Structures are given as structure tokens and as C-alpha cells.
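*Asks:* for reference, the sequence and a predicted model appear below.
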Amino acid sequence: MTPGRQPARPGSAPEPDPTADQATKDAMSNATTVSPAHSASTASTLITNIASLVTNDPSLGDGSPLGLVQDAAVVIEGDRVVWTGDQSKAPATDNRVDAGGRAVLPGFVDSHSHLVFAGDRTQEFNARMSGRPYSAGGIRTTVAATRAASDGELEANVTRYLAEALRQGTTTFETKSGYGLTVEDEARALRIAAAHTDEVTYLGAHIVAPEFAQDPAGYVALVTGEMLDACAPHARWIDVFCEKGAFDGDQARAILTAGKAKGLHPRIHANQLSYGPGVQLAVELDAASADHCTHLTDADVDALAGGRTVATLLPGAEFSTRAAWPDARRLLDAGVTVALSTDCNPGSSFTSSVPFCIALAVRDMGMTPDEAVWSATAGGAAALRRDDVGRLTPGAYADLTLLDAPSHVHLAYRPGVPLARGVWRRGERVV
């Protein structure tokens, strides 16, 4: 079941797990029960007996950025949150779910992924982890496999990885093209992605296409011309990999500027492998997000702190390549808005698990558990310029995750454990 287009059928309740405790059985059996006087789209549901509720509204609860409310409840009506607060003050509703003294938090917002691809790079990863040289083509290997795949094969891959993510609590996601690198294949990737999410990014400028290896200027002309014309109708965003061996600052500026002229808003892969112009270009062009941000000068950090561009950190990439970790503590202390995302892709970060990235950020990037959870929810929303996801306050989408734990801290405290006990997306229980 994908986060994008396959919600649970209205009026159908998940089958109770015979191994579950009675509170959980009761919660599951009541999760989507609708009284005869209401339809599923308008019925209200109270989720109560929440030990710890992350709202991401600092005016609520403990006054922290997480807006943490103890002994809490949430009311959902249709696809929106209509009330949050102390469970003793909850209004009457049509339906009731007992959270069983567990934690609830907003659904994760994964603002950076590459899900439209085919093929596998297991051998490349194994060689890298084993310290052996490997001469295959990296991204070009995936480009060849993706071009050769059918639409059905690409669709099946997207559906599979979104189902993985949903089971772990991801309810909003962005995904990119970038493994086609021809007009036809890039447009095809975006059409497939757009069937699952509104957060679609045109990344024709992932690398220079193999056919243009000796003519990078010709490829930039294609990316900003015919390819952009074919892809813009299917995308909200435009991205470029601004890095040595990919696209330099001038090329990145030309690509992003052309995208803006077509109504696409910029994002940028910046400063992953080395110091470079990507981050400051992102701020200059008011990009929603500069992603990776591993190698930063003081001027880069100052630029991010002074602008609206979110620094999206992708610890799965550092984990899978044994590269240096981004210094999240430095960014946070400077007042930069930070998001955490998976960067799910077959080459450098083959994980769909936001909880795994939260644990890495806490263990290796200097973030507190509270900061990591905020960055994976409200931070991801900021990186998509959204205020209707990533929080649990009236008016926001009813996207939330029930953890099999008393606190959100367990996402880092119990790494690798599948803690998502229930997931609601747009008001429907889907896990």
C-alpha cells in the first residue's frame, strides 16, 4: 500500500493481530468503525490514552519545539486534525481509538528520495564495504537499467519502496527523476512518480548523460530546453547535482533559472563530496532545500542561517559510503532549519527508513532525539514549503504514527526495531 494513492477502504477495519494485547485489539477493531449517521469522510475519531503526543507546535504542551503533550488525545475529522490536547478535555466523537499508553507523532515527511529506477548495485556496495576496487558505472549503471525497464517494472519498484516507507511511518514523500537522462525517459519517470505524490522533482541534471560525455554544454542545453519542456508539466520542483564531476556552479545556475522560468521551484544537491558553490547558490535562488551539506564553510553556514533554504541532511548516504558525517550540531547552533531524509536510491543510500536516519543523526551527527524527530517531520515539511503536514494541530492533515513505545525518543533508543504500531494517512488508518 503506497502513501500516495491507496488508502484503506472507508468503513473497513484492519484484522486484529491474535498476538496483540487487548488494548491494541480494541484500538484496531474501532479504528475505522463509522456510525450509521456518518460517512467515513466526515466521521470524527478520537485517539486517546496517548502517553506522549508530538504536535510540533511550541504553543502547546511543554512549550518546546515539539509541543509535547502528555496524557493526550487527538481528534480527526475527515482528512484533517480538528483538535489536540489533554485527553480529559477531549470533545465527543463518533469513534474512539485507545492508544494504550503509547506515543503518537506526525507522519514522517521524507523530502528527498530517488524511487523511479530499475536494477541493483549490490556488487558495488559489497566491493565498497569490503575495500575492493570496483570499476562499474555507478549512476550510469542505474541509468542503463532504468532505460531498459518497462513502465510496469518501474511502477512496481516505486510501489514496493513506498509500502516499505509507509509501514515505518512515512506519510509524505518527495521523489525525483534522474535515472533516464533522455527526454522520453525523464518525462516517463515523472509521470510514474506523479501517480503517487504531488512532490515530484525534475532531476535531468543528475549527471551528464553518457551520450553527451564529450559535450556537457550540449547536455545542459537539452536539460534547459526540450527536456525541461517535456518534464515541467509533471513536476513541482527542479533539482541539480552541483558537484565536481557533475555540474559546476554556472551550469547549476542556468539549469535552476530555466526551471524557475517554467514555474518549477529550485532544490539542489549541494556540497556532498567537496566544498563548492551549491549551498550559497541555493540561498541566492531561494531554493527550498540544499541537500547533503556535508562540506560547509563558515560562509555557507551563515548563508543558510540568513535565508529560507532548509539544510536537508541525508545520513543514509554517509552510512552507505563510509563518508564524513554532516555536522548537524554546527548548523543547528547557527540557527539553520534542518531536515532529515532518507535519500533512498540504489547506489549510495538504499534505505526507505526515516527511523533509521533518525537513529544515525542522534548517534553520529550531534542531534538530540527531539531535534532529529522535529527534523524528520516539521523539518521535512519546511523543505517542501508545506505547513499542512509534519505537525498535529487543527487544520493539518491527519497524518500520524502510533509507536509501540511510550515516547518518540525510542526511535533513537531502539534503533532497527519496527516501532510503527499504526499509521493514519489523510485520516484513514493504512497500517
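*Replies:* Arrived safely, thanks for sending.

*Asks:* CA only for contacts and neighbour counts going forward, please
*Replies:* Will do.

*Asks:* A strand includes Thr171, no?
*Replies:* Yes. The assignment for Thr171 is a strand, going by DSSP: H, G, I helix; E, B strand; the rest coil.

*Asks:* close enough to count as contact, it and Leu162?
*Replies:* No. Using CA atoms under 8 Å, Thr171 is not in contact with Leu162, being 9.3 Å away.

*Asks:* which one of those two has more residues nearby?
*Replies:* Thr171 (29 against 23; other CA atoms under 10 Å).

*Asks:* what about the more buried one, distance to Val389?
*Replies:* 9 Å (CA to CA, to the nearest Å).

*Asks:* now do the shared contacts for the two.
*Replies:* Counting by CA atoms under 8 Å, 6 or more residues apart in numbering, the common neighbours of Thr171 and Val389 are Gly107, Val109, Asp399.

*Asks:* which one of those residues is nearest Asp333?
*Replies:* Taking CA to CA as the measure, Asp333 lies nearest Val109 of the shared contacts of Thr171 and Val389, at 22.7 Å.

*Asks:* any weak-confidence spans in the stretch 51-200 of the chain?
*Replies:* 134-137 (pLDDT under 70).

*Asks:* all helices for it, in order.
*Replies:* 122-130, 139-148, 151-167, 183-194 (DSSP state H, counting those that start in this stretch).

*Asks:* highest mean neighbour count out of those helices?
*Replies:* Per-stretch averages of neighbours, counted by mean count of other CA atoms under 10 Å, single out helix 183-194 among these, with a mean of 22.

*Asks:* sheet-wise, list the partners of the longest strand seen in the chain with their directions.
*Replies:* Identified as the longest strand of the chain according to DSSP state E is strand 95-106. Note on strand 95-106: by DSSP bridges, its sheet partners are strand 44-53 (parallel), strand 400-403 (antiparallel).

*Asks:* could you dump those strands to JSON lines with mean neighbour count?
*Replies:* As requested, the strands paired with strand 95-106 are exported to JSON lines (neighbours: other CA atoms under 10 Å):
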{"stretch": "strand 44-53", "mean neighbour count": "24"}
{"stretch": "strand 400-403", "mean neighbour count": "27"}
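
*Asks:* would you mind giving those as a markdown table with distance to Gly335 added?
*Replies:* Below are those laid out as a markdown table (distance: least, CA to CA, whole Å):
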| stretch | distance to Gly335 |
| --- | --- |
| strand 44-53 | 25 |
| strand 400-403 | 27 |
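
*Asks:* and of those, who's closest to Leu222?
*Replies:* Of these, nearest to Leu222 by CA to CA is strand 400-403, at 41.5 Å.

*Asks:* C-alpha coordinates for the closest one, PDB please?
*Replies:* The C-alpha coordinates for strand 400-403 follow below in PDB (Å, rounded to 0.1, in the frame of the first residue of the first chain):
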ATOM      1  CA  LEU A 400       0.200  10.400  12.200                       C
ATOM      2  CA  THR A 401       2.100   7.400  13.500                       C
ATOM      3  CA  LEU A 402       1.300   5.400  16.700                       C
ATOM      4  CA  LEU A 403       4.600   4.000  18.100                       C
END
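
*Asks:* excluding chain neighbours, what is closest to the residue positioned nearest the centre of the chain?
*Replies:* When the chain is reduced to its mean C-alpha position, the closest residue under CA atoms, centre = their mean turns out to be Asp110, at 0.5 Å. Leaving out its chain neighbours, the residue that sits closest to Asp110 by CA to CA, 6 or more residues apart in numbering is Phe173, at 4.5 Å.

*Asks:* thinking again about what came up before, as a markdown table, the helices of the stretch 51-200 of the chain with distance to Gly422 would be great.
*Replies:* A markdown table is the format used below for the helices of the stretch 51-200 of the chain (distance: least, CA to CA, whole Å):
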| stretch | distance to Gly422 |
| --- | --- |
| helix 122-130 | 32 |
| helix 139-148 | 34 |
| helix 151-167 | 8 |
| helix 183-194 | 25 |
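
*Asks:* which one, of the ones you listed, ends up nearest to Cys293?
*Replies:* Here helix 139-148 is closest among the helices of the stretch 51-200 of the chain (CA to CA), at 20.1 Å.

*Asks:* list the helices and strands that closest one packs on?
*Replies:* Applying 3 or more CA pairs under 8 Å, 6 or more residues apart in numbering; DSSP states H and E, one finds that helix 139-148 contacts no other helix or strand.

*Asks:* run the angle between that helix and helix 183-194 for me.
*Replies:* Helix 139-148 and helix 183-194 are oriented at 80 degrees to each other (axes from the mean of the first three to the mean of the last three CA atoms, to 10 degrees).

*Asks:* just how off-centre is helix 139-148 within its chain?
*Replies:* With CA atoms, centre = their mean, to the nearest Å as the basis, helix 139-148 stands 23 Å off its chain's centre.

*Asks:* what's the answer for stretch 318-326, then?
*Replies:* With CA atoms, centre = their mean, you get 19 Å for stretch 318-326.

*Asks:* which residues in the stretch 301-431 of the chain form helices?
*Replies:* Counting by DSSP H, counting those that start in this stretch, the stretch 301-431 of the chain has helices at residues 315-321, 328-333, 354-364, 369-383, 410-413.

*Asks:* most packed of the ones you listed?
*Replies:* Neighbour counts (mean count of other CA under 10 Å) averaged over each of those peak at helix 369-383, with a mean of 27.

*Asks:* CA atoms only: put it into PDB for me.
*Replies:* The C-alpha coordinates for helix 369-383 follow below in PDB (Å, rounded to 0.1, in the frame of the first residue of the first chain):
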ATOM      1  CA  PRO A 369      16.300  12.800  19.800                       C
ATOM      2  CA  ASP A 370      13.900  15.800  19.900                       C
ATOM      3  CA  GLU A 371      15.800  17.600  17.200                       C
ATOM      4  CA  ALA A 372      16.000  14.600  15.000                       C
ATOM      5  CA  VAL A 373      12.300  13.900  15.300                       C
ATOM      6  CA  TRP A 374      11.400  17.500  14.500                       C
ATOM      7  CA  SER A 375      13.700  17.500  11.500                       C
ATOM      8  CA  ALA A 376      12.100  14.300  10.100                       C
ATOM      9  CA  THR A 377       8.600  15.700  10.500                       C
ATOM     10  CA  ALA A 378       8.300  19.600  10.600                       C
ATOM     11  CA  GLY A 379      11.800  20.000   9.100                       C
ATOM     12  CA  GLY A 380      10.900  17.800   6.100                       C
ATOM     13  CA  ALA A 381       7.700  19.800   5.700                       C
ATOM     14  CA  ALA A 382       9.700  23.100   5.700                       C
ATOM     15  CA  ALA A 383      11.900  21.600   3.000                       C
END
